[in-house]
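A.B. asks: Sequence and computational prediction follow.
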Amino acid sequence: DAMVIQNPRYQVTQFGKPVTLSCSQTLNHNVMYWYQQKSSQAPKLLFHYYDKDFNNEADTPDNFQSRRPNTSFCFLDIRSPGLGDAAMYLCATSRSGQRAEAFFGQGTRLTVV
Amino acid sequence: AQSVTQLDSQVPVFEEAPVELRCNYSSSVSVYLFWYVQYPNQGLQLLLKYLSGSTLVKGINGFEAEFNKSQTSFHLRKPSVHISDTAEYFCAVTRSGGSYIPTFGRGTSLIVHP
C-alpha cells in the first residue's frame, strides 16, 4: 500500500550527538513536512518542502535542519540534540491541488539521554 | 493565518454514551477542516474532513462532524463510544488551495470508561 514510512520508530541519542530521522513516501506527493510533537501538545510545524523549495517556520531553531534529496525521501537532522528536543517527530505529505489531505507516518519517538 | 481552538483538554465518558468534542477555528480565508485521531505512540489518522457541500460529514469508526460557518465550529460527535475510542483527537484546518499543511488545535483526550 502507498504510504508514509518513518524510520526508526524509536531513537535514543546522547545529548549533543547529531541524529538523523528519515521519512519516505510512495504517494508521489510534492509536499513533505515535519512536525515536532511534545507530550500532550499539538503537533508543531518545523518546516516543509513544496517540491524542492524549502520553507522554514520562523520559530524553528537553527539546530534543526532538513534535506530532501528526491521526491520520495526527506530527512530531519538535529545537529546537537538537547533534552528539550525529546519528542515525537511526525512526517507528513500532501499533494497540492488534490484531495486537501495530509498523510502521516507513524512517527519517530526521540529520547535524548 | 488560521488558528484552531479545542476548549476541552480531556473528555471522560462512559462506554456506550454519546460524546461531542468541540472545535472552533478562525481564519481570514476559506479553509478546509479535519479531525485526526492519534493512538499512543502512533501517527495521526484521518477521521473525517469537510471541504465543501453538505455541512454534516461522516467519517470512520462511526464519527461525524458538523461544519457551522456562522459559529466557526466543527464539532465531532459519536452517538455511542467504545473503549477502543480512547485516544487523542486533533482538529485541524488548512487553507483551501496551496500546500494543504494542517494547523492543529491542542488536542482533546477522550477517555472512555467501562
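C.D. replies: Sure, I can see it.

A.B. asks: before we move on, which element is residue 34 in?
C.D. replies: You didn't pick a chain, so chain A it is. In this structure, A:Trp34 is located in strand A:31-37 according to DSSP states H and E.

A.B. asks: that's the wrong chain, I meant chain B
C.D. replies: Taking DSSP H and E as the criterion, the element that holds B:Phe34 is strand B:31-38.

A.B. asks: Please work out how many residues are found near B:Thr86.
C.D. replies: Here the neighbour count serves as a burial measure; for B:Thr86 (other Cβ atoms under 10 Å in any protein chain shown) it reads 17. To be clear about C-beta, it is placed using only N, CA and C from the backbone, and glycine gets the same treatment.

A.B. asks: need the contact list for it.
C.D. replies: With contact set as Cβ atoms under 8 Å, 6 or more residues apart in numbering or on different chains, B:Thr86 has these partners: B:Leu110, B:Ile111, B:Val112.

A.B. asks: ok, is the strand holding A:Trp34 in contact with chain B or not?
C.D. replies: Yes. On the criterion Cβ under 8 Å from any Cβ of the partner chain, strand A:31-37 is in touch with chain B at A:Val31, A:Tyr33.

A.B. asks: Partner strands of whichever helix or strand comes after that strand, with direction?
C.D. replies: Sequence order places strand A:44-50 as the next helix or strand after strand A:31-37, per DSSP H and E. When pairs are called by DSSP bridges, strand A:44-50 turns out to pair with strand A:31-37 (antiparallel), strand A:53-56 (antiparallel).

A.B. asks: hang on, the earlier thing: tell me which strands and helices the strand holding B:Phe34 is in contact with?
C.D. replies: Based on contacts counted as 3 or more Cβ pairs under 8 Å, 6 or more residues apart in numbering or on different chains; DSSP states H and E, the elements that strand B:31-38 packs against are strand B:44-50, strand B:64-68, strand B:73-78, strand B:87-95.

A.B. asks: What residues sit buried inside the shortest one?
C.D. replies: Residues of strand B:64-68 classed as buried by neighbour count (16 or more other Cβ atoms under 10 Å in any protein chain shown): B:Glu64, B:Ala65, B:Glu66, B:Phe67.
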